[in-house]
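Undergrad: what shape does this take:
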Amino acid sequence: MKKMNTISKAPSTVLRWCLQLLGTITIITLIGSSVSLPQSSPAPVNLGSAGNFVLLAKTGISTTGTTHITGDIGISPAAASLITGFGLIADATTTFSSSSLVTGKIYAADYTNPTPTNLTTSIGDMETAYTNAAGRVSPDFSELYTGDLTGKTLTRGLYKWTTGVTVSAGGVTISGTATDVWIFQIAQNLSIGNGANVTLSGGALASNIFWQVAGQVTIGTTAAMQGIILSKTQIAMNTGATLTGRALAQTAITLDANAITKPVVTSIENNSAPKTFTLLQNYPNPFNPSTMIQYSLEKASQVSLRVFNILGLEVAVLVNSRQEAGSYKVLFSTNMYSLDFSSGVYFYRLETGSFVSTRKMTMMK
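TA: The predicted structure follows:
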């Protein structure tokens, strides 16, 4: 009888062991995999007027080597003398400068009004945006991968680390749609290693990615960074590194032969594939200073959406990337460009594979 009782208990013991083993395997699998669990998308961080700048700092902006910036630059309360390496050329209005390295305007606190007042507002908006990002609560992920994101894929959500965060040469992928938002709260430094790529997939946009960093941000040699950087201290980009986004620093920004481009602001309306490629009429039309352009993609494609003046000269590149099938909206605002847009007729052209469509719009000041 004792033997039979022992044998009868064996299946339950084996089952318990199996369940424990299965739980262990599940934990190991989750630890080793990318983040793909569904979670809510946080509201984007409002940059206010700081969003008018691709580079904005308080104490200095310097560059060496052949740097190229697409977008406006601002510094305050420091003076223009703290913007070095750009070969500034003062405009006749003395409200801004230009540079052969910058496709945009350069503003400093010691320029003629209203520039100092506008910069004070923008610096305040930058600090408010940083506080907003840092103050978000109930993170979807805390201390994920102990701060080493190398080789991982990150879906939308609020992420929090009480340590620093690193991305080595293996890079990191940020995956989601054009309406998804990522906020990364980092209590110490952010280090993007030499040759590391921050890659976007699934339609994710650099304009919806916010890196709130309490320490220093270092972007390594030839690394490719994406997103809006809100740094409490310094942002340093090493030789050949690139950034699609904005670098907003509460101390200084240092550059070395870098390419920095302001992000395209678009949104996707739905994830169902339209039956055709379509380019719709912009709305409002006529417009001043902003209008919305809508288009649909039957399938994933390389997309080019550009604006031309009546002489056929290109004046703006709104989209130049691969996008998934869906219906998209793109904001075109003349305030986002350094050109002086005059009243009149403009054309916008969508090219994707063999599909090409052009429509006319009118700006009225």
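Undergrad: switch to C-alpha atoms for all contacts and neighbour counts from now on
TA: Will do.
Undergrad: okay, the closest residue to D148 other than its chain neighbours and G65: tell me how far apart.
TA: Leaving out its chain neighbours, the residue that sits closest to D148 by C-alpha to C-alpha, 6 or more residues apart in numbering is T166, at 5.0 Å. T166 is 26 Å from G65, where distance means C-alpha to C-alpha, to the nearest Å.
Undergrad: same check on G71?
TA: According to C-alpha to C-alpha, G71 stands 18 Å off from G65.
Undergrad: coming back round to it: now the residue nearest to D148: phi and psi?
TA: When read as degrees, to the nearest 10, the backbone of T166 gives phi -130, psi 150.
Undergrad: quick check: it touching Q188?
TA: No - if you go by C-alpha atoms under 8 Å, T166 and Q188 don't touch, sitting 10.5 Å apart.
Undergrad: low pLDDT regions in the stretch 251-365 of the chain?
TA: Across the stretch 251-365 of the chain, the ranges flagged by pLDDT under 70 are 265-273, 336-338.
Undergrad: quick one, strands of it?
TA: Secondary structure of the stretch 251-365 of the chain by DSSP state E, counting those that start in this stretch: the strands cover 252-256, 259-261, 266-270, 278-279, 290-297, 301-309, 314-323, 326-333, 344-352, 355-363.
Undergrad: in JSON lines, list those along with mean neighbour count and distance to D110.
TA: Shown next, in JSON lines, are the strands of the stretch 251-365 of the chain (neighbours: other C-alpha atoms under 10 Å; distance: least, C-alpha to C-alpha, whole Å):
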{"stretch": "strand 252-256", "mean neighbour count": "21", "distance to D110": "17"}
{"stretch": "strand 259-261", "mean neighbour count": "22", "distance to D110": "25"}
{"stretch": "strand 266-270", "mean neighbour count": "19", "distance to D110": "35"}
{"stretch": "strand 278-279", "mean neighbour count": "20", "distance to D110": "45"}
{"stretch": "strand 290-297", "mean neighbour count": "19", "distance to D110": "30"}
{"stretch": "strand 301-309", "mean neighbour count": "18", "distance to D110": "34"}
{"stretch": "strand 314-323", "mean neighbour count": "17", "distance to D110": "30"}
{"stretch": "strand 326-333", "mean neighbour count": "19", "distance to D110": "27"}
{"stretch": "strand 344-352", "mean neighbour count": "19", "distance to D110": "35"}
{"stretch": "strand 355-363", "mean neighbour count": "16", "distance to D110": "33"}
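Undergrad: how about TSV for these, with distance to T239 added?
TA: Below are these laid out as TSV (distance: least, C-alpha to C-alpha, whole Å):
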stretch	distance to T239
strand 252-256	5
strand 259-261	10
strand 266-270	30
strand 278-279	40
strand 290-297	36
strand 301-309	29
strand 314-323	24
strand 326-333	32
strand 344-352	33
strand 355-363	38
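Undergrad: closest one to I183 among these?
TA: I183 sits nearest to strand 266-270 of all the strands of the stretch 251-365 of the chain, at 17.5 Å, using C-alpha to C-alpha.
Undergrad: returning to what we had before: quick one, which of T166 and G65 is more surrounded?
TA: T166 (18 against 13; other C-alpha atoms under 10 Å).
Undergrad: pLDDT score assigned to that one?
TA: Confidence at T166, expressed as pLDDT, is 98.
Undergrad: what bridges to it?
TA: Judged by DSSP bridges, the bridge partners of T166 are D148, S191.
Undergrad: distance check, it against I186.
TA: Here T166 is placed at a distance of 10 Å from I186 (C-alpha to C-alpha).
Undergrad: what sits against A80?
TA: Residues in contact with A80 (C-alpha atoms under 8 Å, 6 or more residues apart in numbering) are 107-111.
Undergrad: typo on my end, D110
TA: Applying C-alpha under 8 Å, 6+ apart, we find D110 in contact with 78-80, 116.
Undergrad: these: which two are farthest apart?
TA: The most widely separated members of the contacts of D110 are A80 and P116, with 11.3 Å between them, by C-alpha to C-alpha.
Undergrad: pretty sure V213 contacts L230?
TA: Yes - look at V213 against L230 with C-alpha under 8 Å: they come within range, at 6.2 Å.
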